[in-house]
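Asker: no sequence on hand, only this structure:
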(Lines give C-alpha, C1' and ligand atoms only; values in the text may rest on other atoms or scores of the structure.)
Protein backbone atom coordinates (compact mmCIF):
# COMPACT_ATOMS: atom_id res chain seq x y z
CA UNK A 1 0.00 0.00 0.00
CA UNK A 2 1.25 3.48 -0.85
CA UNK A 3 1.84 6.18 1.77
CA UNK A 4 2.31 9.93 1.34
CA UNK A 5 3.82 12.12 4.06
CA UNK A 6 1.88 15.35 4.62
CA UNK A 7 4.16 17.95 6.23
CA UNK A 8 2.32 20.92 7.79
CA UNK A 9 4.24 24.21 7.94
CA UNK A 10 3.74 27.82 8.94
CA UNK A 11 6.97 29.76 9.52
CA UNK A 12 8.99 26.67 10.45
CA UNK A 13 12.22 27.27 8.53
CA UNK A 14 14.47 26.36 11.50
CA UNK A 15 12.66 23.09 12.14
CA UNK A 16 12.48 22.33 8.43
CA UNK A 17 16.26 22.66 8.07
CA UNK A 18 17.00 20.48 11.11
CA UNK A 19 14.24 17.86 10.99
CA UNK A 20 13.53 17.15 7.32
CA UNK A 21 17.08 15.98 6.42
CA UNK A 22 16.45 13.16 8.93
CA UNK A 23 13.36 12.02 6.98
CA UNK A 24 14.38 9.39 4.44
CA UNK A 25 12.54 9.80 1.16
CA UNK A 26 12.44 6.03 0.66
CA UNK A 27 10.19 5.68 3.71
CA UNK A 28 7.20 7.03 1.75
CA UNK A 29 5.97 7.31 -1.82
CA UNK A 30 5.76 11.09 -1.82
CA UNK A 31 6.31 14.04 0.52
CA UNK A 32 3.85 16.93 0.27
CA UNK A 33 4.45 20.17 2.18
CA UNK A 34 1.26 22.10 2.96
CA UNK A 35 2.14 25.66 3.88
CA UNK A 36 -0.22 28.07 5.62
CA UNK A 37 1.38 31.27 4.32
CA UNK A 38 4.93 31.33 5.69
CA UNK A 39 6.91 34.58 5.44
CA UNK A 40 10.22 33.37 6.92
CA UNK A 41 11.57 31.47 3.91
CA UNK A 42 9.96 28.11 4.75
CA UNK A 43 8.37 27.80 1.31
CA UNK A 44 11.59 28.58 -0.54
CA UNK A 45 13.58 26.20 1.67
CA UNK A 46 11.08 23.37 1.15
CA UNK A 47 11.27 23.80 -2.62
CA UNK A 48 15.07 23.95 -2.41
CA UNK A 49 14.96 20.59 -0.62
CA UNK A 50 13.01 19.21 -3.55
CA UNK A 51 9.60 18.91 -1.90
CA UNK A 52 6.25 19.51 -3.54
CA UNK A 53 4.67 22.56 -1.86
CA UNK A 54 0.92 23.15 -1.71
CA UNK A 55 -0.24 26.60 -0.66
CA UNK A 56 -3.04 26.24 1.86
CA UNK A 57 -6.31 27.84 0.74
CA UNK A 58 -8.56 26.76 3.64
CA UNK A 59 -7.40 28.32 6.91
CA UNK A 60 -6.68 26.34 10.06
CA UNK A 61 -4.89 23.18 11.15
CA UNK A 62 -7.68 20.96 9.88
CA UNK A 63 -7.71 22.93 6.65
CA UNK A 64 -4.06 22.02 6.12
CA UNK A 65 -4.77 18.33 6.74
CA UNK A 66 -7.63 18.41 4.25
CA UNK A 67 -5.49 20.19 1.62
CA UNK A 68 -2.81 17.52 2.01
CA UNK A 69 -5.33 14.70 1.80
CA UNK A 70 -6.85 16.14 -1.37
CA UNK A 71 -3.41 16.62 -2.94
CA UNK A 72 -2.49 12.97 -2.32
CA UNK A 73 -3.60 9.85 -4.18
CA UNK A 74 -1.91 7.38 -1.80
CA UNK A 75 -3.68 4.60 0.10
CA UNK A 76 -2.45 6.08 3.40
CA UNK A 77 -1.62 9.61 4.50
CA UNK A 78 0.79 10.30 7.35
CA UNK A 79 0.59 13.69 9.06
CA UNK A 80 3.83 15.22 10.34
CA UNK A 81 5.06 18.54 11.71
CA UNK A 82 8.72 19.64 11.35
CA UNK A 83 8.72 21.89 14.44
CA UNK A 84 10.68 19.46 16.62
CA UNK A 85 7.68 18.10 18.53
CA UNK A 86 7.63 14.97 16.37
CA UNK A 87 10.58 12.65 15.83
CA UNK A 88 11.30 11.44 12.28
CA UNK A 89 11.69 7.94 13.78
CA UNK A 90 7.91 7.93 14.26
CA UNK A 91 7.37 7.76 10.49
CA UNK A 92 8.63 4.19 9.85
CA UNK A 93 7.03 3.03 13.12
CA UNK A 94 3.61 4.29 12.02
CA UNK A 95 3.94 2.77 8.54
CA UNK A 96 5.08 -0.60 9.86
CA UNK A 97 2.22 -0.86 12.36
CA UNK A 98 -0.27 0.12 9.67
CA UNK A 99 0.65 -3.05 7.77
CA UNK A 100 -1.20 -5.03 10.46
CA UNK A 101 -4.52 -3.79 9.10
CA UNK A 102 -5.30 -0.74 11.21
CA UNK A 103 -7.43 2.18 10.01
CA UNK A 104 -5.48 4.71 12.09
CA UNK A 105 -2.24 4.51 14.05
CA UNK A 106 -1.46 7.40 16.40
CA UNK A 107 1.60 8.44 18.40
CA UNK A 108 0.67 9.15 22.01
CA UNK A 109 2.67 11.78 23.90
CA UNK A 110 1.14 10.71 27.21
CA UNK A 111 1.87 7.00 27.48
CA UNK A 112 3.40 5.50 30.61
CA UNK A 113 6.97 5.99 29.38
CA UNK A 114 6.46 9.18 27.34
CA UNK A 115 8.75 12.18 27.81
CA UNK A 116 7.16 15.54 27.01
CA UNK A 117 9.45 18.54 26.53
CA UNK A 118 6.95 21.02 25.09
CA UNK A 119 3.55 20.84 26.78
CA UNK A 120 3.29 22.68 30.09
CA UNK A 121 1.31 21.44 33.09
CA UNK A 122 -1.90 23.08 31.85
CA UNK A 123 -1.59 21.63 28.35
CA UNK A 124 -0.70 18.21 29.71
CA UNK A 125 -3.74 18.23 32.00
CA UNK A 126 -5.97 19.40 29.15
CA UNK A 127 -4.77 16.67 26.81
CA UNK A 128 -5.39 13.96 29.39
CA UNK A 129 -8.81 15.41 30.25
CA UNK A 130 -9.98 15.47 26.62
CA UNK A 131 -8.70 11.92 26.07
CA UNK A 132 -10.64 10.83 29.18
CA UNK A 133 -13.83 12.51 27.95
CA UNK A 134 -13.51 10.97 24.50
CA UNK A 135 -13.08 7.54 26.05
CA UNK A 136 -16.07 7.97 28.36
CA UNK A 137 -18.45 9.36 25.74
CA UNK A 138 -17.35 7.34 22.72
CA UNK A 139 -15.95 4.10 24.14
CA UNK A 140 -12.24 4.45 23.47
CA UNK A 141 -8.98 3.66 25.24
CA UNK A 142 -6.94 6.65 24.10
CA UNK A 143 -4.21 8.35 26.12
CA UNK A 144 -3.84 11.08 23.47
CA UNK A 145 -6.69 12.10 21.15
CA UNK A 146 -5.09 15.35 19.97
CA UNK A 147 -1.72 14.43 18.45
CA UNK A 148 -1.38 15.15 14.73
CA UNK A 149 1.36 12.53 14.36
CA UNK A 150 -0.74 9.76 12.88
CA UNK A 151 -1.35 7.68 9.79
CA UNK A 152 -4.80 6.98 8.39
CA UNK A 153 -6.05 5.07 5.37
CA UNK A 154 -7.78 6.96 2.59
CA UNK A 155 -10.89 4.83 3.11
CA UNK A 156 -10.97 5.63 6.85
CA UNK A 157 -10.47 9.35 6.21
CA UNK A 158 -13.39 9.43 3.76
CA UNK A 159 -15.55 7.61 6.34
CA UNK A 160 -15.00 10.41 8.86
CA UNK A 161 -16.69 13.12 6.78
CA UNK A 162 -13.87 15.28 8.09
CA UNK A 163 -14.90 18.93 8.50
CA UNK A 164 -13.02 20.31 11.55
CA UNK A 165 -10.85 23.05 10.08
CA UNK A 166 -9.37 24.34 13.34
CA UNK A 167 -7.21 22.76 16.07
CA UNK A 168 -10.04 20.36 16.96
CA UNK A 169 -9.19 18.51 13.73
CA UNK A 170 -7.21 15.66 15.25
CA UNK A 171 -9.70 15.15 18.08
CA UNK A 172 -12.41 14.78 15.42
CA UNK A 173 -10.32 12.13 13.67
CA UNK A 174 -10.06 10.23 16.97
CA UNK A 175 -13.70 10.59 18.02
CA UNK A 176 -15.24 9.87 14.64
CA UNK A 177 -12.87 6.94 14.26
CA UNK A 178 -14.39 5.51 17.45
CA UNK A 179 -17.93 6.24 16.26
CA UNK A 180 -17.24 4.41 12.99
CA UNK A 181 -15.64 1.54 14.95
CA UNK A 182 -12.36 1.94 13.11
CA UNK A 183 -9.42 -0.18 14.15
CA UNK A 184 -7.09 2.29 15.91
CA UNK A 185 -3.75 1.69 17.64
CA UNK A 186 -1.58 3.96 19.80
CA UNK A 187 2.22 3.83 19.75
CA UNK A 188 3.92 5.30 22.81
CA UNK A 189 6.15 8.18 21.80
CA UNK A 190 7.52 11.47 23.07
CA UNK A 191 7.10 15.16 22.35
CA UNK A 192 10.34 16.97 21.68
CA UNK A 193 11.14 20.62 22.33
CA UNK A 194 10.07 23.13 19.69
CA UNK A 195 12.76 24.24 17.22
CA UNK A 196 12.33 27.91 16.36
CA UNK A 197 9.08 29.46 15.17
CA UNK A 198 6.11 30.35 17.35
CA UNK A 199 3.72 27.96 19.03
CA UNK A 200 0.45 28.13 17.10
CA UNK A 201 -1.93 26.77 19.72
CA UNK A 202 -3.60 29.01 22.31
CA UNK A 203 -4.73 26.78 25.19
CA UNK A 204 -7.99 28.44 26.28
CA UNK A 205 -9.29 29.10 22.77
CA UNK A 206 -8.48 25.58 21.63
CA UNK A 207 -9.93 24.14 24.85
CA UNK A 208 -13.22 25.84 24.06
CA UNK A 209 -13.18 24.41 20.52
CA UNK A 210 -12.48 20.90 21.81
CA UNK A 211 -15.21 21.07 24.47
CA UNK A 212 -17.84 22.25 21.99
CA UNK A 213 -16.81 19.53 19.58
CA UNK A 214 -17.22 16.71 22.13
CA UNK A 215 -20.72 17.94 23.01
CA UNK A 216 -21.69 18.28 19.34
CA UNK A 217 -20.29 14.86 18.38
CA UNK A 218 -22.21 13.23 21.24
CA UNK A 219 -25.53 14.96 20.56
CA UNK A 220 -25.32 14.48 16.80
CA UNK A 221 -23.93 10.94 16.90
CA UNK A 222 -24.67 10.03 13.30
CA UNK A 223 -22.02 11.29 10.87
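Answerer: Yep, it's here. Just so you know, these numbers come straight off a predicted model, no measurement behind them. Numbering: from 1, shown residues only.

Asker: between the two ends of stretch 190-203, how far is it?
Answerer: 20 Å (C-alpha to C-alpha, to the nearest Å).

Asker: got the phi and psi for the most centrally placed residue in the chain?
Answerer: For the chain, residue 148 is the residue whose C-alpha lies nearest the centre (C-alpha atoms, centre = their mean; 1.6 Å). Main-chain torsions, residue 148, degrees, to the nearest 10: phi -80, psi -20.

Asker: I'd assumed residue 68 was in contact with it.
Answerer: No - using C-beta atoms under 8 Å, residue 148 is not in contact with residue 68, being 10.9 Å away. Where you see a C-beta, it was placed from the backbone N, CA and C, and this is true even at glycine.

Asker: what residues are shared contacts of these two?
Answerer: Shared contacts of residue 148 and residue 68 (C-beta atoms under 8 Å, 6 or more residues apart in numbering): 8, 79.

Asker: in terms of secondary structure, what does the lowest-mean-pLDDT helix or strand in the chain contact?
Answerer: When each helix and strand of the chain is scored by mean pLDDT, DSSP states H and E, helix 121-138 comes last, with a mean of 89. Using 3 or more C-beta pairs under 8 Å, 6 or more residues apart in numbering; DSSP states H and E as the contact test, the elements touching helix 121-138 are helix 169-179, helix 203-219.

Asker: after that helix, heading C-terminal, what element do we hit next?
Answerer: Counting by DSSP states H and E, the element after helix 121-138 in chain order, helix or strand, is strand 150-153.

Asker: so what are the sheet partners of that following strand and their directions?
Answerer: According to DSSP bridges, strand 150-153 forms sheet pairs with strand 76-80 (antiparallel), strand 104-108 (antiparallel).

Asker: mean confidence score for that strand?
Answerer: Here strand 150-153 scores 98 as its mean pLDDT.

Asker: A helix includes residue 163, no?
Answerer: No - the assignment for residue 163, made by DSSP: H, G, I helix; E, B strand; the rest coil, is coil rather than a helix.

Asker: ok, for residue 159, nearest residue in space, not its chain neighbours?
Answerer: Leaving aside its chain neighbours, residue 159 sits nearest to residue 180 (5.1 Å; criterion: C-beta to C-beta, 6 or more residues apart in numbering).

Asker: right, and that neighbour touches residue 161 too?
Answerer: No - Residue 180 is beyond contact range of residue 161, at 9.5 Å (criterion: C-beta under 8 Å).

Asker: same drill for these two, tell me which one is more crowded.
Answerer: residue 180 (13 against 10; other C-beta atoms under 10 Å).

Asker: how near is that one to residue 68?
Answerer: Taking C-beta to C-beta, to the nearest Å as the measure, residue 180 falls 21 Å from residue 68.

Asker: contact partners of stretch 109-117?
Answerer: 108, 119, 124, 127-128, 131, 143-144, 147, 186, 188-193.

Asker: rerun at 10 Å
Answerer: Contact with stretch 109-117 is made by 84-86, 107-108, 118-119, 123-124, 127-128, 131, 142-147, 149, 186-194, as judged by C-beta atoms under 10 Å, 6 or more residues apart in numbering.

Asker: give me the buried entries from those.
Answerer: Among the contacts of stretch 109-117, those buried by neighbour count (16 or more other C-beta atoms under 10 Å) are 84-86, 107-108, 118-119, 123, 127, 131, 142-147, 149, 186-187, 189-192, 194.
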